[in-house]
Structure formats: C-alpha cells, structure tokens
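Enquirer: return a 3D structure for these sequence lines:
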Amino acid sequence: MLTRCTARSLASPARLFSTSAARHTKVAVLGAGGGIGQPLSLLLKADPLVSSLSLYDIRGAPGVAADVSHVDTPSEVCGYPADKLDNALDGVEVVVIPAGVPRKPGMTRDDLFNTNASIVRDLASSIGRVSPKAHILVISNPVNSTVPIVASTLAKAGVYDPKRVFGVTTLDVVRAARFTASIAGVHPNETPITVVGGHSGATIVPLLSQSVHGKNIKGEAYEKLVYRIQFGGDEVVKAKDGAGSATLSMAYAGAKFTSALLRALNGEKGVITPTFVESPLFKDKGIDFFSSNVELGVNGVERIFPLGHVSAQEEKLLEACFPELKKNIEKGRAFVDNA
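Expert: Residues are numbered from 1 along each chain as shown. Model prediction:
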C-alpha cells in the first residue's frame, strides 16, 4: 500500500495539473499528527502549488492523511507511520518540521531543548540521507537552537546548503501585524511589520519604526506592544491552561511561509519575508543565524537584506537580543558537536 501511495503521488502532477504552467511541489510534514501538524497539513492541502503531501509522525499520521485526503483539492496525500520515515521523505522538495513537544505553563522555549533537539537532529539526519537537496522549514522550538542543529547535522553529512534551511519566524510577523492593526484601528494588511532577530522572548525585535502605523505608537503603548509581540505565545499557553501552546496560529504562520517559498520556487519574483537563516549581518558579533527580510527564489535564499534604519528604542532591543541569541545558537551547535 505504501508503495502504491508513493508512486501515485509522484505521478500525479502531470495528470492533475496538465492545464497549468505552474510548477507543483511535493511537500512533507514531519510531525503531522500533532497540534500544529494537523491544521498545517489541512492548510497545505488547500495550497494549489502542492502536488502531493507526505505526512509523517511517530503516531497518527496515516489517520490524518486519510482525513485530509478527502478535501476536494487535487493534491495527493500519503501518511506514513514511525518506521517509514525514509518513504515519507522520498522525492520531496520541501520539508516542514513541526515535530516536538509543546510548551506548557511556566515553560520557556529553552525548557523544550533537550527533547526537541534530539527529535530535530534525527529528522535532519534522515533528510540529509534521503532528500539532501530539500528545502527545510523548521518550526520545532526553540528555533534559535533547532535551526543550527539542522545546519550542523547536515554539515556533518556533507550536504548542508545554507540557502535551503529556514527557521519559520512568521508567527512573530503575523502577531506584530495583528496587534499593531488593533491599536491603529486599521486592517492588518496595512500594518506589515518586519520582525528581526530570533524567535523567543527578548530575541524577537519588531521594527515598528519602519511601519507607517507602527511608528506612531509611543510611550507605554509602545512598550506593551513590543512585550506582547515578544511574549504573545505565553498568552496562548496560559489560556489553554496546560492543554498546549500556539498551534492554530502557528499552523497558519507555517502555511503562510511555506506558500511564500513555494511561490518563489515557482519563479515568482519579489517574494520577501523575514526568516531565520544563516546570515552575514552580525557575524562580527559571533551570531551566524539571524532573522531579517529575505528574498526567496528558485534556489531558496536569494538575498538577505540589511535592517535599514532603526530607532534608538530598537537599538536597545537589538542589544538585548544579541547575547541571548548567540547563546541559543551555540547551544544548538554544541548539541550536535558533542553527540
């Protein structure tokens, strides 16, 4: 059954999309049975640039695949159990990784490290062996450490391409736009906010001064807005009262970034979004990975943009970001180096 499923998925693009010139892509979701993975799989099933979905988890993925496969879009869906990871990765061009344990009340993203680090390292090792040219989108927290883990694992295998490894920080961007729009009384489409740095607490730096509406927010309102963007995840963890963390909004953000990458891989020009990648911007501070505006293209990362003008307040936020981010990155690298 798995063989037939895989063969059908690989054959489907020509049959299903013969009337379109668009390039369609096979996408894998690793951790598809979880709180993020299930809604993410549903959202990707609706993406017209996805030719087939390969859903994997240590439990539940075949059931999620059967459920999602009934959605009336043309992409094929296959689910794979714990012992079929290689099958799940065969022929994929984009791998999205939401696998791992969620945060609980009182936990920081660093508290997740010991469990999620091992999960991400093992998944990256399999990707490097089976689909070494795949674009890898890391959602698993703590992203500031798991992205360096993926990079170091692939480098050990001799297949690391910095243009193809991304930390998905889109939820910070989504929150920044939504929260700013609420204060300004406008539609979130009118408040795009570039969010730079990392993806946890003080490493999240929203550049509100570069937004038409954001730059008008001052004083206590500004302080509260920055704090909410940085620690918005805590609101969800507390509200769910031990039942999980931000799963639905993270799935939305993950699908949004995946869609941006798929459009760029399809040849669309000018696809620019913040993402956490290997970056030259602050290497002089010993920081090898950083989130900033990145232009995506057919090869993944095409261009990394400098931050541009930042306000005095944002300078202070960046100064607070750097030491924490550097520590997170080093922790991820050390995990692989000392394995």
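
Enquirer: CA only for contacts and neighbour counts going forward, please
Expert: Fine.

Enquirer: ok, now how distant is the nearest residue to Lys215 once chain neighbours are set aside from Pro192?
Expert: Of all residues not flanking Lys215 in the chain, Ser209 sits nearest, at 4.2 Å (C-alpha to C-alpha, 6 or more residues apart in numbering). Going from Ser209 to Pro192 by C-alpha to C-alpha, to the nearest Å gives 11 Å.

Enquirer: do Lys285 as well
Expert: Lys285 is 28 Å from Pro192, by C-alpha to C-alpha.

Enquirer: which one of the two is surrounded by more residues?
Expert: Between Lys285 and Pro192, Pro192 has the larger neighbour count (other C-alpha atoms under 10 Å), namely 20 against 10.

Enquirer: hang on, that one packs against Ala177?
Expert: Yes - the criterion here is C-alpha atoms under 8 Å, and Pro192 meets it with Ala177 at 5.4 Å.

Enquirer: could I get the phi/psi values of the residue lying closest to Ser279 once chain neighbours are set aside?
Expert: Nearest-residue entry for Ser279: Phe289, 5.2 Å, with adjacent residues in sequence omitted and distances by C-alpha to C-alpha, 6+ apart. For Phe289, the backbone dihedrals are phi -120, psi 140 (criterion: degrees, to the nearest 10).

Enquirer: OK, contacts around Phe289?
Expert: Counting by C-alpha atoms under 8 Å, 6 or more residues apart in numbering, Phe289 touches Asn144, Pro148, Phe276, Val277, Glu278, Ser279, Pro280, Ile329.

Enquirer: again, 7 Å this time
Expert: Contacts for Phe289 (C-alpha atoms under 7 Å, 6 or more residues apart in numbering) come out as Phe276, Val277, Glu278, Ser279.

Enquirer: render the CA-only coordinates of the helix or strand containing Ile119 in CSV, please.
Expert: According to DSSP states H and E, Ile119 maps onto helix 113-130. Coordinates of each C-alpha in helix 113-130 appear next as CSV, following Å, rounded to 0.1, in the frame of the first residue of the first chain:
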residue,chain,number,x,y,z
PHE,A,113,15.5,21.9,24.2
ASN,A,114,16.5,18.5,25.5
THR,A,115,13.6,16.7,24.0
ASN,A,116,13.1,18.6,20.8
ALA,A,117,16.8,18.8,20.0
SER,A,118,17.1,15.1,19.6
ILE,A,119,14.0,14.9,17.5
VAL,A,120,15.1,17.6,15.1
ARG,A,121,18.7,16.2,14.9
ASP,A,122,17.4,12.7,13.9
LEU,A,123,14.9,14.1,11.4
ALA,A,124,17.6,16.3,9.8
SER,A,125,19.9,13.3,9.6
SER,A,126,17.3,11.3,7.6
ILE,A,127,16.6,14.3,5.4
GLY,A,128,20.3,14.6,4.6
ARG,A,129,20.5,11.0,3.7
VAL,A,130,17.2,10.6,1.7
